[in-house]
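Participant: starting from these lines, generate the structure:
(one chain, ligands or ions: 1)
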Amino acid sequence: MNTNEREHVIEVTDLRRVYGGGFEAVRGITFSVGHGEVFALLGTNGAGKTSTVELLEGLAPPAGGRVRILGRDPYRERAAVRPRIGVMLQEGGFPSELTVAETARMWAGCTSGARPTQEALELVGLARRSGVRVKQLSGGEKRRLDLALALLGRPEVLFLDEPTTGLDAEGRQDTWRVVRELRDAGTTVLLTTHYLEEAEGLADRLAMLHEGRIAASGTPAEVTATQPSRISFDLPEGYFLGDLPPLTDLGVTSHETAGRTVRLRTNELQRTATALLLWAQHARVELRGLDVRSASLEEAFLRIAREAAAGTGRTSTDVGTPDDAANRGVTRKTEAAA
Ligand SMILES: Nc1ncnc2c1ncn2[C@@H]1O[C@H](COP(=O)(O)OP(=O)(O)OP(=O)(O)O)[C@@H](O)[C@H]1O
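Facilitator: Here you go, the predicted model:
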């Protein structure tokens with residue numbers, strides 16, 4: 001592996017995809033993924049995730065911009081790139097009359113340097129179902145088979161398009177475990193998902209797509225940090241809202257009351273919480289029901305999607321590389337909302 005591959009296993013620059021009829025599904029996106037990173041593409045339905053991943057897999061040429069996988073063009077240099085990547089499609093579409101083992105063997109026959117089929121099936125917890133026909137598998141088991149086949153070639157780069165759709169909670173956990181093990185072994189993983197907790201728990205970095213553009217990107221923590229945190233508590237007996245320190249001085253962006261319960265939103269969680277606790281200590285009162293929490297990725301996603309849909313999204317895109325340690329702050333492409 002040369003230096004460039006180590007730095008940028010996946011490199012996407014101003015990528016565009018236009019379908020017949022002139023519809024622009026991918027409108028100039030830029031990001032890179034480093035060796036051994038898990039990168040998640042999130043987005044609303046039709047945001048352009050699959051259209052992007054297909055370009056990365058070399059299934060179609062971009063209408064504009066550039067893709068490099070392991071330093072090579074995945075479309076023009078497909079013969080060199082394909083053996084080094086693993087692809088798990090949304091719909092595997094394998095012959096339903098074959099058994100699991102037969103399907104894996106058939107796929108292994110088309111894969112250079114394939115690992116033993118039983119090993120791949122064991123990785124995804126399907127070894128016990130080797131003799132079962134594909135048509136008799138549950139939806140979740142079919143997804144596991146898709147994953148096993150993607151792993152057969154010991155890929156350096158793994159593309160997972162909605163890998164846990166249709167899986168139950170246990171199956172999802174199993175898939176996450178496999179992805180983490182692969183990542184720990186140095187595999188670079190790019191996944192698309194609709195499950196925000198999946199991105200939150202699995203991805204080192206992520207990008208949220210909206211209408212073919214990146215609306216926000218960064219680590220999950222960086223993306224959620226762009227959203228206000230929440231603090232709620234009950235006003236102590238005999239105290240009123242006006243008895244608290246001026247809320248704007250505490251970094252509070254909005255507040256509401258319901259009975260004696262006060263709910264605050266703040267972009268400076270530590271400062272606001274500390275000031276409230278100091279006030280309570282000084283007043284010798286208890287803030288009953290105190291609840292302090294950061295925004296979830298789901299909240300961030302919903303807000304960013306709403307803002308982007310309202311037309312406040314900017315058009316430029318940029319995601320820091322993993323080596324840009326000093327520049328790892330989230331890249332928000334939407335104006336901050338109150
Ligand atoms: N072959 C095609 N021809 C024309 N338009 C297409 C084609 N494939 C996808 N599109 C359109 O491109 C846009 C992006 O689709 P894409 O499948 O990439 O979105 P997605 O983010 O993967 O969506 P989902 O989460 O629903 O799977 C959508 O508006 C879709 O209708």
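Participant: every contact and neighbour count from this point should use C-alpha atoms.
Facilitator: Fine.
Participant: which parts of the stretch 151-300 of the chain are strands?
Facilitator: 157-161, 188-192, 205-210, 213-218, 229-234, 252-258, 261-266, 291-293 (DSSP state E, counting those that start in this stretch).
Participant: make JSON lines from the ones you listed and add mean neighbour count and distance to G171 to it.
Facilitator: JSON lines is the format used below for the strands of the stretch 151-300 of the chain (neighbours: other C-alpha atoms under 10 Å; distance: least, C-alpha to C-alpha, whole Å):
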{"stretch": "strand 157-161", "mean neighbour count": "25", "distance to G171": "15"}
{"stretch": "strand 188-192", "mean neighbour count": "25", "distance to G171": "16"}
{"stretch": "strand 205-210", "mean neighbour count": "27", "distance to G171": "22"}
{"stretch": "strand 213-218", "mean neighbour count": "28", "distance to G171": "27"}
{"stretch": "strand 229-234", "mean neighbour count": "20", "distance to G171": "32"}
{"stretch": "strand 252-258", "mean neighbour count": "14", "distance to G171": "41"}
{"stretch": "strand 261-266", "mean neighbour count": "20", "distance to G171": "36"}
{"stretch": "strand 291-293", "mean neighbour count": "14", "distance to G171": "29"}
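Participant: now render those as a markdown table, adding distance to the ligand and mean pLDDT.
Facilitator: Shown next, in a markdown table, are the strands of the stretch 151-300 of the chain (distance: least, C-alpha to the nearest ligand atom, whole Å; pLDDT from 0 to 100):
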| stretch | distance to the ligand | mean pLDDT |
| --- | --- | --- |
| strand 157-161 | 8 | 94 |
| strand 188-192 | 8 | 96 |
| strand 205-210 | 7 | 94 |
| strand 213-218 | 11 | 93 |
| strand 229-234 | 28 | 95 |
| strand 252-258 | 33 | 94 |
| strand 261-266 | 31 | 95 |
| strand 291-293 | 29 | 93 |
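Participant: start to end distance for stretch 59-68?
Facilitator: By C-alpha to C-alpha, to the nearest Å, the extent of stretch 59-68 from end to end equals 13 Å.
Participant: mind listing what's buried along it?
Facilitator: Of the residues in stretch 59-68, 61-63, 65-68 count as buried by neighbour count, 16 or more other C-alpha atoms under 10 Å.
Participant: from those, which two are the most distant?
Facilitator: A63 and R68 (14.7 Å; C-alpha to C-alpha).
Participant: strands - which of the buried residues of stretch 59-68 land there?
Facilitator: Applying DSSP state E to these, the entries found in strands are 65-68.
Participant: and of those, the nearest to T165?
Facilitator: For those, the nearest to T165 is V67 (26.8 Å; C-alpha to C-alpha).
Participant: who touches the closest one in this structure?
Facilitator: By C-alpha atoms under 8 Å, 6 or more residues apart in numbering, the contact set of V67 is 10-13, 15, 55-56, 73-74.
Participant: swap in E299?
Facilitator: Applying C-alpha under 8 Å, 6+ apart, the residues near E299 are 224, 227.
Participant: P83 contacts A114, correct?
Facilitator: No: with contact defined as C-alpha atoms under 8 Å, P83 does not count as touching A114 (9.7 Å).
Participant: which residues are in contact with both of the two?
Facilitator: G153.
Participant: if the most centrally placed residue in the chain is in a bridge, with which residues?
Facilitator: With distances taken as C-alpha atoms, centre = their mean, A40 lies nearest the centre of the chain, 2.8 Å away. Beta-bridge partners of A40, counted by DSSP bridges, are L191, L206.
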